[in-house]
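S.K.: Any chance you can model this:
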Amino acid sequence: MLAGTDCSFHIGGFGRSDWGLDVEYDMSAFVEQLPELLAGVRERRLVEVDLYPPGVERTLEFDPTGDSVDIRCLSRTDWTPDPVVETIEFAELEQMLVDTAVNIANALTASGSTISRLAPFSDWQRRVV
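M.R.: Residues are numbered from 1 along each chain as shown. Next comes the predicted model:
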């Protein structure tokens, strides 16, 4: 879908400002879990994202605690996150996830992808996230 465009996908933290993820495979692993992640964060329950692509192989656990969310990074490679836990304000994380969903939907539309007309992307483009 977006691999042949000038789109990029970045996640960083836990001692690395950029994890060097690609759009074609790494981003799709994240996007397929984004609806559940956003729902879990909004419901203030523990939720995980498994970034399973080879070379990435880490799990992010999002654990709400009051007005913030502790994010734990569990690596399945020889890379060790430092620190293992980072904390972000709930509202900031929610906005970051919504912005990510909207940006993905807009990129799909701009690239002419017919998948942009399907849920959840069509909803995300209308900011119904």
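S.K.: these two touch, right, D50 and A29?
M.R.: Yes: between D50 and A29 there is a contact under C-beta atoms under 8 Å: 7.5 Å. Where C-beta positions appear, they are placed from N, C-alpha and C, glycine not excepted.
S.K.: Check the secondary structure at the residue nearest to the spatial centre of the chain for me.
M.R.: For the chain, F30 is the residue whose C-alpha lies nearest the centre (C-alpha atoms, centre = their mean; 5.0 Å). At F30 the chain is in helix, as set by DSSP: H, G, I helix; E, B strand; the rest coil.
S.K.: again with L37
M.R.: Assignment for L37 (three-state DSSP): helix.
S.K.: Kindly provide the distance from it to S111.
M.R.: Plainly put, L37 is 23 Å away from S111 if you go by C-beta to C-beta, to the nearest Å.
S.K.: of those two, who's got more company?
M.R.: Counting neighbours by other C-beta atoms under 10 Å for L37 and for S111 shows that L37 has the greater number, 19 against 16.
S.K.: how many neighbours does F62 have?
M.R.: Around F62 there are 20 residues (other C-beta under 10 Å).
S.K.: Leaving out sequence neighbours, find the closest residue to it.
M.R.: Spatial nearest neighbour of F62, chain neighbours left out: V47 (5.0 Å); criterion: C-beta to C-beta, 6 or more residues apart in numbering.
S.K.: again, but for M27
M.R.: If the residues on either side of it in the chain are set aside, M27 comes closest to F9, at 4.0 Å by C-beta to C-beta, 6+ apart.
S.K.: Verify the contact between that neighbour and D22 for me.
M.R.: Yes: F9 is within contact range of D22, at 7.0 Å (criterion: C-beta under 8 Å).
S.K.: Hmm, F62 and G40 touching each other?
M.R.: Yes: the pair G40 / F62 is scored as a contact, 6.5 Å apart, by C-beta under 8 Å.
S.K.: What's the first helix or strand after the longest helix seen in the chain?
M.R.: For the chain, the longest helix by residue count, based on DSSP state H, is helix 90-110. Sequence-wise, the next helix or strand downstream of helix 90-110 (DSSP states H and E) is helix 121-125.
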